[in-house]
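> Just need the structure, nothing else, for what follows:
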Amino acid sequence: MAIVILPDAQADLLDLQDYMLERWTPELWQAAEDDIFAQLAQVDSGFIAGPVIPLLASVGMTDYRSILSSHHRILYRQTDGNTCVYAVAGQTQDFQTLLLRRLFKR
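Residues are numbered from 1 along each chain as shown. The predicted model follows:
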């Protein structure tokens, strides 16, 4: 299996990096990034699976899940043997608003 970081999630990671580097040290950002990818590796290998997103499940989309790292929430879906990452949010961000904005973006 492979982890695929989609463009919007890549932009999320860069925004989070900028935010953390403005407020904390590069070492803290590196630790946070390492934790994000460690969690994704566990998902990709099948060791953990996050809960279904209730908002999406309410409209029949039950294959989107989220996991928490130490400071971030990650939206992903496993498909065709890959773990696709759709969004990465800081835990202080309103995840539901981010999700809705992402869904209606296009």
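> Not counting sequence-adjacent ones, nearest residue to K105?
Distances taken as CB to CB, 6 or more residues apart in numbering place D8 nearest to K105, at 7.6 Å, with adjacent residues excluded. Where C-beta positions appear, they are placed from N, C-alpha and C, glycine not excepted.
> ditto for L40
Per CB to CB, 6+ apart, closest to L40 is I3, 5.1 Å.
> What's the local residue count around that neighbour?
14 (other CB atoms under 10 Å).
> Tell me where the chain has strands.
Assigned by DSSP state E, the strands in the chain fall at 2-5, 64-68, 72-79, 82-90.
> Given the first one, what are its sheet partners and their directions?
Right, strand 2-5. strand 82-90 (parallel) (DSSP bridges).
> returning to what we had before: the residue nearest to K105 contacts R102, doesn't it?
Yes: using CB atoms under 8 Å, D8 is in contact with R102, at 6.1 Å.
> what's the longest helix in the protein?
Taking DSSP state H as the criterion, the chain has its longest helix at helix 26-45.
> Which secondary structure elements does that one sit against?
strand 2-5, helix 7-23, strand 64-68, strand 72-79, strand 82-90 (3 or more CB pairs under 8 Å, 6 or more residues apart in numbering; DSSP states H and E).
> Mind exporting the C-alpha coordinates of that helix to CSV?
In CSV, the C-alpha atoms belonging to helix 26-45 read as follows (Å, rounded to 0.1, in the frame of the first residue of the first chain):
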residue,chain,number,x,y,z
PRO,A,26,11.7,23.8,13.9
GLU,A,27,12.3,20.8,16.2
LEU,A,28,8.7,21.0,17.4
TRP,A,29,7.4,21.1,13.8
GLN,A,30,9.6,18.2,12.9
ALA,A,31,8.2,16.2,15.8
ALA,A,32,4.6,17.0,14.8
GLU,A,33,5.3,16.1,11.1
ASP,A,34,6.9,12.8,12.2
ASP,A,35,3.9,12.0,14.3
ILE,A,36,1.5,12.7,11.4
PHE,A,37,3.4,10.4,9.1
ALA,A,38,3.8,7.7,11.9
GLN,A,39,0.0,7.7,12.3
LEU,A,40,-0.5,7.5,8.5
ALA,A,41,1.9,4.6,8.3
GLN,A,42,-0.1,2.7,11.0
VAL,A,43,-3.3,3.3,9.0
ASP,A,44,-1.7,2.3,5.8
SER,A,45,-0.4,-1.0,7.3
